[in-house]
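Fold the following, please.
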Amino acid sequence: MVNNVLCYDYKDKYNIPIGRLFLIFFLFRYLFLYINGYLCTAFAPIEMAPGSTDLSITTIKTYTNVHIAIAGNIGSGKTTLTTMLAKHYGWIPRFEPVDINPYLEDYYKDIARWSFCLEVYFLKQRFRDLLEIRKSDRTVVQDRSIYEGVYVFTANNRDMGNLSDRDYETYMELFEIMTDVAQLPDLMIYLRASVPHLVKNIQKRGRAYEQTMQLEYLKNLNQRYEDFIFNKYKGKVLVVEADDNDFQHDPDKFARIIERVDSALELGTLPFKDNE
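Numbering: from 1, shown residues only. Below you'll find the model as predicted:
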């Protein structure tokens, strides 16, 4: 009698108790949720603002084998946000090797002379990073991607007369070959900032080679970023307004970014532009 109750109609054919079927079902459901990266498995204390008694973030979601790219103009806060996201989620940060670029100092002294060398060097570095990110089984958050390097900085140098048509065509041929094996990031976070905000941050961090940068150069880059993000880029984008958004020191503002990142990643891979 007990067996008939536990096995129902499965007894004669499969002889599998219904309790075991439920266990198998829940195991497969857990595995499905884990693989898709939607299972909240980690809980950690979050640093609070001085005098605050409320936690801005109570749970930390985990994501497996995801590529996050942080985009934004010079001085927009990419490195800061990359560092904070990596620390919060336990992701692997990947920073652009700015200080070790052998052409950078010469470039800011004579942009026309060193543009092609600088751009090819960055293209090589970013493509190598992209390949290594895709081979990794960990989630990586990257400070600037190969795409904005091409559609923002290189295109800007060409239009300013710093790259000849011959050099630009050679560069784009290299990029097109690379894109045959490249994949778009799972999410791009665009730090949108005004030129005064960029100038303030550039002066604050005090890199010597950036102090001679012309305002017109920053303005042109900002226009390029807007065109790249909203007209050219085909992947998923989350737009974060950087002006008056001190997410580095304000836990509530950083918590809002985390909330939006979680929502964007859980929506899957459909392209969209989230501009709050």
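
Spell out the residue ranges of the strands in the stretch 51-200 of the chain.
For the stretch 51-200 of the chain, the strands defined by DSSP state E, counting those that start in this stretch cover 67-72, 92-94, 140-143, 187-192.

Reformat those strands into JSON lines and put distance to F153 next to each item.
In short, each C-beta sits where N, CA and C put it, glycine included. Formatted as JSON lines, the strands of the stretch 51-200 of the chain follow (distance: least, C-beta to C-beta, whole Å):
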{"stretch": "strand 67-72", "distance to F153": "12"}
{"stretch": "strand 92-94", "distance to F153": "18"}
{"stretch": "strand 140-143", "distance to F153": "14"}
{"stretch": "strand 187-192", "distance to F153": "15"}
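
Include distance to G235, mean pLDDT and mean neighbour count when you put those into TSV, please.
Shown next, in TSV, are the strands of the stretch 51-200 of the chain (distance: least, C-beta to C-beta, whole Å; pLDDT from 0 to 100; neighbours: other C-beta atoms under 10 Å):
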stretch	distance to G235	mean pLDDT	mean neighbour count
strand 67-72	9	96	26
strand 92-94	17	95	17
strand 140-143	13	95	24
strand 187-192	6	96	24
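
Now do the contacts for the spatially most central residue of the chain.
Centroid check for the chain by C-alpha atoms, centre = their mean gives A69 as the closest residue, at 2.0 Å. Residues near A69 by C-beta atoms under 8 Å, 6 or more residues apart in numbering: V141, Q142, R144, S145, Y147, P185, L187, M188, I189.

re earlier: looking at the strands of the stretch 51-200 of the chain, which is nearest to A112?
A112 lies closest to strand 67-72 among the strands of the stretch 51-200 of the chain, at 25.2 Å (C-beta to C-beta).

Tell me what angle that closest one forms with strand 187-192.
Using axes from the mean of the first three to the mean of the last three C-alpha atoms, to 10 degrees, the direction of strand 67-72 lies 10 degrees away from that of strand 187-192.

For strand 67-72, which strands pair with it and how are they oriented?
Strand pairing for strand 67-72, using DSSP bridges, gives strand 140-143 (parallel), strand 187-192 (parallel).

For I229, see how far away N73 is.
11 Å (C-beta to C-beta, to the nearest Å).

give the contact list for the closest residue to A264 other than its chain neighbours.
In this structure, A264 finds its nearest non-sequential neighbour in L238, 5.0 Å apart by C-beta to C-beta, 6 or more residues apart in numbering. L238 is in contact with L187, M188, I189, Y190, R260, V261, A264, D274, counting by C-beta under 8 Å, 6+ apart.

count of residues packed around D246?
Residues lying near D246 (other C-beta atoms under 10 Å) number 10.

what does Q211 give?
Around Q211 there are 10 residues (other C-beta under 10 Å).

try the one 4 residues further on
Applying the criterion other C-beta under 10 Å, we find 11 residues in the vicinity of L215.

and it, what pLDDT?
pLDDT, L215: 86.

do the same with Y10
So Y10 comes in at 40 (pLDDT).

How about the one 4 residues further on?
Per-residue confidence at Y14 stands at 45 (pLDDT).
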